[in-house]
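Student: Need the 3D shape of this:
(one chain, ligands or ions: 1)
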Amino acid sequence: MKLTDINQIKALLARHGFRFSKSMGQNFLVADWVPEEIAAAARIDRDTGVLEIGPGIGCLTAKLSDRAGKVLSIELDKALKPILAETLEGRENVEILFGDVLRQDLPALVREQLSPLRPVVCANLPYNVTSPVLTALIRADCFEQITVMIQREVARRICAGAGSADYGAFGLFVQWYTEPAILFDVPPSCFIPQPKVTSTVIRLKRREAPPVQVRDEELLFRVIRAAFNQRRKTLVNALSSGIGGLSKERAERALTNCGFDTKIRGEVLDIVGFAKISDEIGNYLSVDL
Ligand code: SAM
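Tutor: You can find the predicted model right below:
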């Protein structure tokens, strides 16, 4: 059966009494070129072990299975179990695990299920949990690359540079650990039910080393979060109110010592600037706390 043919999908879902769940972000693909292009963009071959999140009825899973050594798919909705058993029948290199991706020990799963293959991620992500899922995948620190379809707006935030309206703490987090690239857009008409927004496929390539040296990564992200939590404030005010133990005078001195005007806002700083300021602030905090 063709897993992106809207009439065949409707008949399959009706036969199993399946109902779409909004809270599980269920928008299934009904345009054949999309899973084909996503799987092609994921640079998969028989030496690759793919982790897929949310197989739905399996249209992307099947395309991944055609190319990969193994596909491990994690699906939250148990109602899809009999459907996937039917649509993926006979695909020896596919394993489906029913559960919440956010509650898995991903490095252990990769070791146990995908080793010795080269682990990558490829998925059409449920939009309601995009940020926590991407955070968990990046923190797992075991995927060479992550190719995912997400909302266009989130894709722009992930790839945004200093000075842009989309620039923020989440994008900097992703850019610290990976090199993100926007690949292509997918319109709402390619899904059932149709989402309200355009989707975008992105690829995150794991970095071998951070983009710049910093003494204390945790402090760097505290600085970044403080800067963007109050992005309308000057950086000095955002830092002194957001970082315990840092007075306004010290925040001003940190900026001056790093060669920045004390009136700037965090959104104009690139990652190199944030790292410089974080190292400078680290000097004061280690003395005082
Ligand atoms: N891959 C299919 C496609 O492209 O047509 C379905 C994609 S749909 C956008 C997202 C899928 O993720 C759904 O099947 C949904 O049930 C599943 N899902 C939602 N939350 C999940 C979670 N926390 N863990 C695993 N799967 C989840």
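Student: Tell me the spacing between residue 65 and residue 52.
Tutor: 10 Å (CB to CB, to the nearest Å). C-beta coordinates here come from the backbone N, C-alpha and C atoms, glycine included.
Student: who touches both of these two?
Tutor: By CB atoms under 8 Å, 6 or more residues apart in numbering, residue 65 and residue 52 have these common neighbours: residue 71.
Student: The two: who's more crowded?
Tutor: residue 52 (27 against 22; other CB atoms under 10 Å).
Student: Show me what the strand or helix carrying that one pairs with in its sheet, parallel or antiparallel.
Tutor: Element membership of residue 52 [criterion: DSSP states H and E] is strand 48-53. As defined by DSSP bridges, the strand partners of strand 48-53 come to strand 70-75 (parallel), strand 118-124 (parallel).
Student: Quick one: the ones you listed as a markdown table, columns for mean pLDDT too.
Tutor: Converted to a markdown table, the strands paired with strand 48-53 look like this (pLDDT from 0 to 100):
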| stretch | mean pLDDT |
| --- | --- |
| strand 70-75 | 98 |
| strand 118-124 | 98 |
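Student: Quick one: closest of these to the ligand.
Tutor: strand 118-124 (3.4 Å; CB to the nearest ligand atom).
Student: near the ligand, anything from the closest one?
Tutor: Yes. On the criterion CB under 6 Å from any ligand atom, strand 118-124 is in touch with the ligand at residue 124.
Student: Next SSE downstream of that strand?
Tutor: Next element after strand 118-124 (DSSP H and E): helix 130-140.
Student: contact partners of that next one?
Tutor: Counting by CB under 8 Å, 6+ apart, residues outside helix 130-140 touching it are 53, 101-102, 106-107, 110, 121, 125-126, 143, 146, 148, 150-151, 154, 158, 170, 173-174, 177-178, 204.
Student: angle of it against strand 118-124?
Tutor: 180 degrees (axes from the mean of the first three to the mean of the last three CA atoms, to 10 degrees).
Student: Now the element after helix 130-140, going C-ward?
Tutor: Assignment by DSSP H and E places the next element after helix 130-140 at strand 145-151.
Student: and that following strand, which strands flank it?
Tutor: Paired strands of strand 145-151, with direction, are strand 118-124 (parallel), strand 199-206 (antiparallel) (DSSP bridges).
Student: and the closest residue to residue 230 other than its chain neighbours, how many neighbours?
Tutor: By the measure of CB to CB, 6 or more residues apart in numbering, the closest residue to residue 230 outside its immediate chain neighbours is residue 238, 4.4 Å from it. Look at residue 238: counted by other CB under 10 Å, it has 22 neighbours.
Student: can you pull the contacts of residue 238?
Tutor: Residues in contact with residue 238 (CB under 8 Å, 6+ apart) are 226-227, 229-231, 265-266.
Student: Which one of the residues you listed is nearest to the ligand?
Tutor: Once CB to the nearest ligand atom is applied, the member of the contacts of residue 238 that ends up nearest the ligand is residue 229, at 26.5 Å.
Student: Return the helix or strand in this structure with minimum mean pLDDT.
Tutor: helix 271-288 (a mean of 87; mean pLDDT, DSSP states H and E).
Student: Can you show me the CA trace of it as PDB?
Tutor: Presented in PDB, the C-alpha positions along helix 271-288 are these (Å, rounded to 0.1, in the frame of the first residue of the first chain):
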ATOM      1  CA  ILE A 271      28.600  33.500  20.700                       C
ATOM      2  CA  VAL A 272      32.200  34.700  20.800                       C
ATOM      3  CA  GLY A 273      31.000  37.800  22.700                       C
ATOM      4  CA  PHE A 274      28.900  35.800  25.100                       C
ATOM      5  CA  ALA A 275      31.900  33.500  25.800                       C
ATOM      6  CA  LYS A 276      34.200  36.400  26.500                       C
ATOM      7  CA  ILE A 277      31.700  38.000  28.900                       C
ATOM      8  CA  SER A 278      31.000  34.700  30.600                       C
ATOM      9  CA  ASP A 279      34.800  34.100  31.200                       C
ATOM     10  CA  GLU A 280      35.100  37.700  32.600                       C
ATOM     11  CA  ILE A 281      32.100  37.300  34.900                       C
ATOM     12  CA  GLY A 282      33.500  33.900  36.000                       C
ATOM     13  CA  ASN A 283      36.600  35.800  37.400                       C
ATOM     14  CA  TYR A 284      34.300  37.900  39.700                       C
ATOM     15  CA  LEU A 285      32.100  35.100  40.800                       C
ATOM     16  CA  SER A 286      34.900  32.800  41.700                       C
ATOM     17  CA  VAL A 287      36.400  35.500  43.900                       C
ATOM     18  CA  ASP A 288      33.100  36.500  45.600                       C
END
